[in-house]
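In: have a look; sequence and predicted model below, questions after that.
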Amino acid sequence: MRLSPRLLRGGAVAALAALAALAAPRAGMAAPVPGPVVRVTTVQVCRARSVATPPTDSTGCVRRAVDAVDPQGTALWLLADVTVPVSVATSRAPMALLMQAMASTALYWDGVRISASGRPALEQPDEVPGQFVHIAPLRSDELRPGVHRLAVLLSNHHGPLRVSMPVHVLALAPLELLRDGVGSGGGPILLALGALLLAAVYFAAVSLAGTAREPGRGHTALLAALIACALTQGVAELWRALLPISYVAQVWRLIVILLAATGLGASLVAYTTRRFAPTWSARAVLGYAVVAGAVWLLPGFDVRTLLLLSTAAMIALAASGWAAWRREPGAGAVSCVLLLLIAAGVVEQGAFLDRELFVGLTVLTLVLLLDHVRETRRLQAAATAAQQQAQQQVQRLELELLRRRLTPHWLLNMLNALTAWIEEEPATAVRMVGLLGDEFHRLAHPIDAPLIAARDELAACERLLALMSLRSGRTFTLDATGVAPDLPVPPGVLHTLVENALTHGGYRRGAVFTIRQQGTPGAAVLTFEAPPADSTERAASQAAASQAAAAHDAPHDPAEGFGLTYVRARLQAAFGEHATLSDGPASDGGWRTVLRLGGAAA
């Protein structure tokens, strides 16, 4: 699939749309209502013996920081005194309690139960998982200035795995502020993710529609993977912002975010190193994999996510920075965005994952897509020039091959044989004339297509062998068992190998040539074998074979060398650098030539 400039610009346009979405104002979003925020930092932690009422005696309870409370596998009571300032009454702002924890929770204010999320319980069968974010509005008469008793019952019996900080926040804050905080940024991020989705689908389609030899196809696939991982992480972030989420689902959401961050980092490292530092790309990816494995063993989902993305960004910055120092086009812009992304992560830290990360990823994606468009067009131009050069070489070789085939000696032998058959067996002479006409027509009208079906190429080989059998009175046949009839091959390559074998084999009793196929149609390997020469020619043939083997793929005489040059040129014109030709002596004294088509491994 050839990527036109219009199609290539499509991915960049999608990224521009993402950037515009992030830069758009948040229309329709109310500004947070000013008001005091009372954050509870320490609590009395008591093991729950009953879920009916809060304990009145704190004997046996311990004082802990809120983020050090761990209700996993048990049920706890949290007790705290909350001072409501006079400014709450004067602000007239609706207030609410915020409990953000991976647990089922019930909130008590001055001994009265005001709200519950799920159903906290002493045992797992009795618990109903609650929401990760629990907001409980308070009436104005419950907010008189002074000290109030807050009690929280929480339990966690359904967590899929243990987390390092199951309780995040316990606070009293303006209700409007809490609602905006839970869903803030959802609209713009949703628009940005939609634009990134278009870019991911576009580049995934380009990658799947292209062939294995399409210039830049591997880079396109890595870009699509990078955007897909960013989309996955963004969708997981929006899940909590737009939809209620239980504390059980919150754990799975964090796992998805961590997996997406791991894949995003791997894609970023693989793409930037392959693009700007291909010589150490494999080592960079391996190094990132080792670091990622170690990071996964650390506690804290946010910490691990930040470390994964920071490691990937620093490796990518090293690759692009080295290329920018060499003044390679596109490397400077990528380096600047990566540097800003790393700086934002250091400054913002935890908030970076909720806001700046998606802004940075969208800008980075834009820069990478624009660079990819430019690089792909350059590769396509280079591939087109190389293909044109290969076609010109094929045309020159075809003319030279035609001139060598139509020598007076060859024509004289054919005419003498034809004269003899006309006198002795006219029917055979007529058949020989037909075969000779077909052969002259093939020589005079070479096929312009870079590939033809194997059946057509094998038919041309069989016509040549039939013609030579009639001329010499010896039987020459071709065994192509197992070769797929529809296998695409360059025209003339097998025919040239058969002709070389006939010319230089010295077969006085006829011969059977074989062609075998291995590999898949997209990466096929064809092996042509010519039998050993007759006894009178065996010594000369073995000496030629030894010289060829010592020369490492050197032709064993000038004429055959010209034929192999033509075959190589045909292979490269059709498959590029992925196709190879090798030949050498076979174990039985014959000669073997191996053609690797497409992307066959050596």
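Out: Sure thing, it's come through.

In: per-residue pLDDT, the closest residue to residue 251 other than its chain neighbours?
Out: Spatial nearest neighbour of residue 251, excluding adjacent residues (C-beta to C-beta, 6 or more residues apart in numbering): residue 160 at 5.2 Å. C-betas here are computed from N, CA, C, even on glycine. Looking at residue 160, its pLDDT stands at 90.

In: for residue 596, see how far away residue 587 is.
Out: Note on residue 587: its distance to residue 596, by C-beta to C-beta, to the nearest Å, is 20 Å.

In: secondary structure class for the residue nearest to residue 251?
Out: coil (DSSP: H, G, I helix; E, B strand; the rest coil).

In: ok, it - contacts?
Out: Contacts for residue 160 (C-beta atoms under 8 Å, 6 or more residues apart in numbering) come out as 248, 251, 252.

In: still on that earlier bit, if you count what's nearby, which of residue 587 and residue 596 comes out ahead?
Out: residue 596 (22 against 6; other C-beta atoms under 10 Å).

In: residue ranges for the strands of the stretch 101-250 of the chain, please.
Out: 104-109, 112-117, 133-138, 146-155, 167-174 (DSSP state E, counting those that start in this stretch).

In: tell me which residues are up against the third one.
Out: This points to strand 133-138. For strand 133-138, the external contacting residues (C-beta under 8 Å, 6+ apart) are 94-101, 105, 107, 109, 114-115, 117, 172, 175, 178-179, 182, 240, 245.

In: tell me the angle of that strand relative to strand 146-155?
Out: 140 degrees (axes from the mean of the first three to the mean of the last three C-alpha atoms, to 10 degrees).

In: so in that sheet, which strands flank strand 133-138, and in what orientation?
Out: Strands that pair with strand 133-138, judged by DSSP bridges, come out as strand 95-101 (antiparallel).

In: then the longest one?
Out: In the sheet containing strand 146-155, its partner strands are strand 75-84 (antiparallel), strand 104-109 (antiparallel), by DSSP bridges.

In: pLDDT on the longest one, on average?
Out: When you say that, I think you mean strand 75-84. Strand 75-84 comes out at a mean pLDDT of 93.

In: helices or strands up against the very next helix or strand once past that strand?
Out: Later in the chain than strand 75-84, the nearest helix or strand by DSSP states H and E is helix 86-91. Using 3 or more C-beta pairs under 8 Å, 6 or more residues apart in numbering; DSSP states H and E, no helix or strand is in contact with helix 86-91.

In: per-domain residue ranges of the protein.
Out: Structural domains annotated on the chain: 5-24+184-376, 41-182, 386-596, as defined by automatic domain parsing.

In: what ranges of the stretch 151-300 of the chain fall below the confidence cut-off?
Out: 179-218, 241 (pLDDT under 70).

In: so how far is residue 101 from residue 162?
Out: Per C-beta to C-beta, residue 162 is found 14 Å from residue 101.

In: which one's more surrounded, the two?
Out: residue 101 (28 against 13).

In: do you know how far the closest residue to the more buried one other than its chain neighbours is from residue 132?
Out: Counting by C-beta to C-beta, 6+ apart, residue 167 is the residue found nearest to residue 101 once chain neighbours are left out, at 4.3 Å. Look at residue 167 and residue 132: by C-beta to C-beta, they are 11 Å apart.

In: overlap in contacts of those two?
Out: Counting by C-beta under 8 Å, 6+ apart, the residues touching both residue 167 and residue 132 are 100, 101, 102.

In: rewinding a little: whichever of the contacts of residue 160 end up buried, select them in PyMOL.
Out: This is how PyMOL selects the buried members of the contacts of residue 160, with burial counted by 16 or more other C-beta atoms under 10 Å:
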select buried, resi 248+251
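
In: okay, the contacts of residue 160 in CSV with distance to residue 467 next?
Out: Below are the contacts of residue 160 laid out as CSV (distance: C-beta to C-beta, whole Å):
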residue, distance to residue 467
248, 79
251, 77
252, 73
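
In: quick one: which of the contacts of residue 160 sit in helices?
Out: The helices, defined by DSSP state H, take in 248, 251, 252 from the contacts of residue 160.

In: quick check, nearest of the residues you listed to residue 66?
Out: Taking C-beta to C-beta as the measure, residue 66 lies nearest residue 251 of the ones in helices among the contacts of residue 160, at 19.2 Å.

In: returning to that earlier point: and the residue nearest to residue 251, what are its phi and psi?
Out: phi -70, psi -30 (degrees, to the nearest 10).

In: so how far is residue 565 from it?
Out: 65 Å.

In: with residue 150 instead?
Out: 88 Å.

In: now swap in residue 302 and tell me
Out: 62 Å.

In: kindly report the same for residue 83.
Out: 92 Å.

In: comparing the two, which residue is more hemmed in?
Out: Higher neighbour count among residue 83 and residue 565: residue 565, with 17 against 10, using other C-beta under 10 Å.

In: what helix or strand is that one located in?
Out: Counting by DSSP H and E, residue 565 is found in helix 558-575.

In: for that helix, enumerate the helices and strands it packs against.
Out: So helix 558-575, by 3+ C-beta pairs under 8 Å, 6+ apart, packs with helix 356-405, helix 493-505, strand 580-585, strand 591-596.

In: so what's the closest residue to residue 454 other than its chain neighbours up against?
Out: Spatial nearest neighbour of residue 454, excluding adjacent residues (C-beta to C-beta, 6+ apart): residue 487 at 4.1 Å. Residue 487 sits next to 453, 454, 517, 521, 524 when contact means C-beta under 8 Å, 6+ apart.

In: drop anything exposed from these.
Out: Neighbour counting over those (16+ other C-beta under 10 Å) leaves 454, 517, 524 as the buried ones.

In: redo those as JSON lines? Include distance to residue 478, secondary structure and pLDDT.
Out: Supplementary listing: the buried ones among the contacts of residue 487 in JSON lines, determined by distance: C-beta to C-beta, whole Å; DSSP: H, G, I helix; E, B strand; the rest coil; pLDDT from 0 to 100:
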{"residue": "454", "distance to residue 478": "12", "secondary structure": "helix", "pLDDT": "90"}
{"residue": "517", "distance to residue 478": "14", "secondary structure": "strand", "pLDDT": "92"}
{"residue": "524", "distance to residue 478": "18", "secondary structure": "coil", "pLDDT": "89"}
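
In: what's the closest of those residues to residue 232?
Out: residue 524 (37.4 Å).

In: grab the nearest non-local neighbour of the closest one.
Out: Closest to residue 524 by C-beta to C-beta, 6+ apart is residue 597, at 4.8 Å.

In: I figured that neighbour hits residue 520, correct?
Out: No: look at residue 597 against residue 520 with C-beta atoms under 8 Å: they stay out of range, at 10.2 Å.

In: more neighbours, these two?
Out: Per other C-beta under 10 Å, whichever of residue 597 and residue 520 has more neighbours is residue 597, with 25 against 12.

In: report pLDDT for that one.
Out: Value listed for residue 597 in the pLDDT field: 86.

In: any idea how far residue 473 is from it?
Out: 36 Å.

In: likewise residue 277?
Out: Separation of residue 277 from residue 473 (C-beta to C-beta): 64 Å.

In: which of these two has more neighbours?
Out: The residue with more neighbours, out of residue 277 and residue 473, is residue 277; 22 against 10, by other C-beta under 10 Å.
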